[in-house]
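# sequence first, then the predicted structure, then my questions.
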Amino acid sequence: MLDKEKLNSLSASALSFVGDAVFSLFVRERLCAVYDYKSGELTKKAAFIVSACNQSAILGRIEGLLTEEELAVVRRCRNAYSKTGAKNASAAEYHRASGLEGLLGYLHLAGESERLGIVLGECVCTERV
């Protein structure tokens, strides 16, 4: 767990880096709990859910549930400059997905497990996992 000062000093890309792993693991665990598929099918389902296009759509659906502090983290991570982009997403979708990942990374690193669980539940709840 990191204190607020350390969290706020981390780059947006570092928060998104951690959030990407958090979201990916959560989705994979959820898929395994729900489906009895072979790994290839699980991988296809997971790839769709964690895609930048889908993450951008998820953020659009859950933004109204976020606190002002969480929205500030989303904006910070969404607006960060990046030389790279997603293969199958627009630049806007890629940036919105980075905002969602940044929020998840922030909550995880802040030790906000309960809130992280709620946000992740809403992310996947909106999907037909």
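Okay, I see it. Small disclaimer: the values here were computed from a predicted structure and weren't measured.

# mind pulling up the pLDDT for S16?
Listed pLDDT for S16 reads 95.

# and the next helix or strand past the strand or helix carrying it?
Per DSSP states H and E, S16 falls inside helix 12-34. Next helix or strand after helix 12-34 toward the C-terminus (DSSP H and E): helix 39-49.

# about what we covered before: CA atoms of the helix holding S16 as CSV?
This file holds the C-alpha atoms of helix 12-34, laid out as CSV (Å, rounded to 0.1, in the frame of the first residue of the first chain):
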residue,chain,number,x,y,z
ALA,A,12,-0.1,8.0,-15.1
SER,A,13,1.5,5.3,-17.2
ALA,A,14,2.7,3.5,-14.0
LEU,A,15,-0.8,3.6,-12.6
SER,A,16,-2.2,2.3,-15.9
PHE,A,17,0.5,-0.4,-16.0
VAL,A,18,-0.6,-1.8,-12.6
GLY,A,19,-4.3,-1.3,-13.4
ASP,A,20,-4.0,-3.3,-16.6
ALA,A,21,-2.6,-6.3,-14.6
VAL,A,22,-5.3,-5.9,-11.9
PHE,A,23,-8.1,-5.8,-14.5
SER,A,24,-6.7,-8.7,-16.5
LEU,A,25,-6.3,-11.0,-13.5
PHE,A,26,-9.8,-10.1,-12.2
VAL,A,27,-11.4,-10.9,-15.6
ARG,A,28,-9.5,-14.2,-15.9
GLU,A,29,-10.5,-15.2,-12.4
ARG,A,30,-14.1,-14.3,-13.0
LEU,A,31,-14.2,-16.2,-16.3
CYS,A,32,-12.8,-19.3,-14.7
ALA,A,33,-15.4,-19.1,-12.0
VAL,A,34,-18.2,-18.8,-14.4
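
# I'm done for today, thanks for sticking with me.
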